[in-house]
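**Student:** need a 3D model of the following:
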Amino acid sequence: MFKAVNSNTQQFSSHSGWSNIDHNDEKPQQHEKILGAEAIIKSLMAEHVDIMFGYPGGAIMPTYDLIHQHQQDLKHILVRHEQGAVHAAQGYARVSGKVGVCIATSGPGATNLITGIADAQIDSTPLVCITGQVHKDLLGTDAFQETDIIDISMPITKWNYKVTEAKEIPRVIAK
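**Tutor:** Sure, this is the predicted structure:
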């Protein structure tokens, strides 16, 4: 079982995106702006994820900027390479019986996850891999580190999804 989630850091103010997730009364108010990065962290914690593996880079930096604020509930293991993150997440999933989670930036960061994703699929190891991406207005323009990781990973994933609005993140991570 594998899910690949592609994220960006757009803001949203919709309360309805959180309706199926218990955030222990941390639901945003109707007009409160929530960054995609915050939605990622809170959604992972709502799904009882307590550890993730990753390597920072430009497109995923907003998520890394928030990780330290939640380090009591969501531990991050910094690896030296994205491939190490996906293999560590896979090993964690095998040993713990929980889903393994890894994060990487766009472009080469995302493609460095491919070998581990393929291995996890072959072994039916549950993983959630979250990658950054260029802003949605730049998709298809050959922007710096733009890579179609959705199409690249489609043959080796059970499910993948490109998030284009932050309000989609809780639903996508819960799936």
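**Student:** mind listing the helices for the protein?
**Tutor:** If you assign secondary structure with DSSP state H, the helices in the chain sit at 36-46, 61-67, 82-96, 108-111, 114-122, 149-153, 169-174.
**Student:** okay, those helices in a markdown table with mean neighbour count next?
**Tutor:** Quick note: C-beta positions are derived from backbone N, CA and C, even for glycine. Listed next are the helices of the chain as a markdown table, based on neighbours: other CB atoms under 10 Å:
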| stretch | mean neighbour count |
| --- | --- |
| helix 36-46 | 23 |
| helix 61-67 | 18 |
| helix 82-96 | 20 |
| helix 108-111 | 21 |
| helix 114-122 | 18 |
| helix 149-153 | 18 |
| helix 169-174 | 21 |
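**Student:** hey, least reliable of those by pLDDT?
**Tutor:** Mean pLDDT across the helices of the chain is lowest at helix 149-153; the value there is a mean of 85.
**Student:** run the chain-centre distance for it.
**Tutor:** 14 Å (CA atoms, centre = their mean, to the nearest Å).
**Student:** not counting its neighbours along the chain, what's nearest Pro56?
**Tutor:** Distances taken as CB to CB, 6 or more residues apart in numbering place Tyr64 nearest to Pro56, at 4.6 Å, with adjacent residues excluded.
**Student:** how far away is that neighbour from Ile103?
**Tutor:** Counting by CB to CB, to the nearest Å, the gap from Tyr64 to Ile103 is 8 Å.
**Student:** what's the overlap in contacts for those two?
**Tutor:** Gly54 (CB atoms under 8 Å, 6 or more residues apart in numbering).
**Student:** look up how far Gln121 lies from the residue nearest to Pro56.
**Tutor:** Distance, Tyr64 to Gln121, by CB to CB: 27 Å.
**Student:** what does Arg171 give?
**Tutor:** For Arg171, the distance to Gln121 - CB to CB - is 23 Å.
**Student:** Pro62 now?
**Tutor:** Distance from Pro62 to Gln121, by CB to CB: 28 Å.
**Student:** Val163 is in contact with Lys175, correct?
**Tutor:** No. Counting by CB atoms under 8 Å, Lys175 sits too far from Val163 to count as a contact (11.6 Å).
**Student:** burial check on the residue nearest to Ile60 when sequence neighbours are not counted, number of neighbours?
**Tutor:** Take Ile60 and drop its neighbours on the chain: the residue closest to it by CB to CB, 6+ apart is Gly132, 3.7 Å away. Residues lying near Gly132 (other CB atoms under 10 Å) number 28.
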